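In: here's a sequence, model it:
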Amino acid sequence: MPPHVTNAESAQFQKAVPCPHCRGTAPYFLSSSDRNRRTTRKKFHYYKCDQCGLVFMDSPPSDMSPFYAGGYDPIPATAADLRLIAAGEKYRTEPLLKHKTRGRCLEIGPWRGVICANMKDAGFDVTAIEMDTNCVAFLRDQLGVQAIQSTDPAETMKSLQPGFDTIIAWHSLEHLPRAWQVIEQASRLLAPGGILLLAMPNPNSYEFSVLKSMWMHLDAPRHIYLFSIKTLVNLCESLQLQPLEITTADTFSDIQSRNAWQHLIRSLVRIRYVRGLAAITLGSLLYRRAYKHQRTEGRGSAYTALFIRR
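Out: You can find the predicted model right below:
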């Protein structure tokens, strides 16, 4: 139960709510504020379904745009600048490229387009669905991919023709109001033998079990859902998507883990000129202490999962 709640709120937390995915019973799980961007002081409440295991925010804001102010990584000036960045992040797509080397690729939520650039340069015909209009313009004009502006990828996917060889959602599904519908559409759009690459924060991570509402990758209110690996596998298998390769002990998970511990120290240290140094030193120390847990399969900060269309 979160501290400093009113009697009315306390009564609300005693009640279970229906899971938006399977309609199972979901008791109260935890509450968190926007600790990452501090766009609001409001608390957001998460529940966990007893049936499918989905962790979800109850009654997410209808307009999420104020919570995304400033975006994520800055958009480069040119495609050449993007490719310099993308060259250092090829680990994101290397697992997929072991299975597919050419064909049609769809990415959901690419932001500035690091994965789009690497997939295009690997020889794929790339389509992207992105909500940010500036990112869409950059992807179209600078990178030369077919970029579609949409805040509802699942609905937009309904108008696309099947036959994609790869579909990628890299840390984007947790932001979407009906994430499972994106996976449903991905199953429809993939060619037989096509690969779905999904990467998301891991709610079974060691860090989340320790930090709970202070975990950076909870990222309230931008992250509406947290899918455990088991929840995701069950959903995908019901849609004829067979697990091919799943790990929580890869490069990106390590990066996310270090970021989480350093961010924790930044959020606790109030002295401006001490904050950065403390985050690097103390945050790195905490990361090293947690490293053996982080490298235990299933306990890493994030997971990368590949599924193949039967």
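In: so what's the residue count around Q161?
Out: Using other CB atoms under 10 Å, Q161 has 7 neighbouring residues. C-beta: built from backbone N, CA, C; applies to glycine.
In: which non-adjacent residue is nearest it?
Out: L189 (7.9 Å; CB to CB, 6 or more residues apart in numbering).
In: now do the contacts for that neighbour.
Out: Residues in contact with L189 (CB atoms under 8 Å, 6 or more residues apart in numbering) are L106, M157, L160, Q161, P162, G163, F164, I167.
In: if we go to 10 Å?
Out: The contact partners of L189, taken as CB atoms under 10 Å, 6 or more residues apart in numbering, are R104, L106, M157, K158, L160, Q161, P162, G163, F164, I167, L196, R309.
In: so which of the residues you listed wins on neighbours?
Out: Busiest of the contacts of L189 [other CB under 10 Å] is L106, holding 29 neighbours.
In: so which elements touch whichever strand or helix holds that one?
Out: Per DSSP states H and E, L106 falls inside strand 103-108. On a contact count with 3 or more CB pairs under 10 Å, 6 or more residues apart in numbering; DSSP states H and E, strand 103-108 meets helix 114-121, strand 124-130, strand 146-149, helix 153-157, strand 164-170, helix 179-189, strand 190-201.
In: and of those, who's closest to F208?
Out: Closest to F208 of the helices and strands packed on strand 103-108, according to CB to CB: strand 190-201, at 7.9 Å.
In: okay, angle between that closest one and strand 164-170 too, please.
Out: Interaxial angle of strand 190-201 relative to strand 164-170 (axes from the mean of the first three to the mean of the last three CA atoms, to 10 degrees): 10 degrees.
In: give me the distance between strand 190-201 and the centre of its chain.
Out: Here strand 190-201 is found 14 Å from its chain centre; the criterion is CA atoms, centre = their mean, to the nearest Å.
In: residues of the following helix or strand past it that come out buried?
Out: Next helix or strand after strand 190-201 toward the C-terminus (DSSP H and E): helix 206-211. For helix 206-211, the neighbour count (16 or more other CB atoms under 10 Å) marks Y206, E207, F208, L211 as buried.
In: what is the nearest of the residues you listed to D63?
Out: Looking across the buried residues of helix 206-211 and measuring by CB to CB, the closest to D63 is F208, at 27.4 Å.
In: what pairs with the strand holding L106, and is each one parallel or antiparallel?
Out: Here strand 103-108 is paired, per DSSP bridges, with strand 124-130 (parallel), strand 164-170 (parallel).
In: turn the contacts of L189 into JSON lines, columns for pLDDT.
Out: Formatted as JSON lines, these follow (pLDDT from 0 to 100):
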{"residue": "R104", "pLDDT": "98"}
{"residue": "L106", "pLDDT": "98"}
{"residue": "M157", "pLDDT": "98"}
{"residue": "K158", "pLDDT": "97"}
{"residue": "L160", "pLDDT": "97"}
{"residue": "Q161", "pLDDT": "97"}
{"residue": "P162", "pLDDT": "97"}
{"residue": "G163", "pLDDT": "98"}
{"residue": "F164", "pLDDT": "98"}
{"residue": "I167", "pLDDT": "98"}
{"residue": "L196", "pLDDT": "98"}
{"residue": "R309", "pLDDT": "97"}
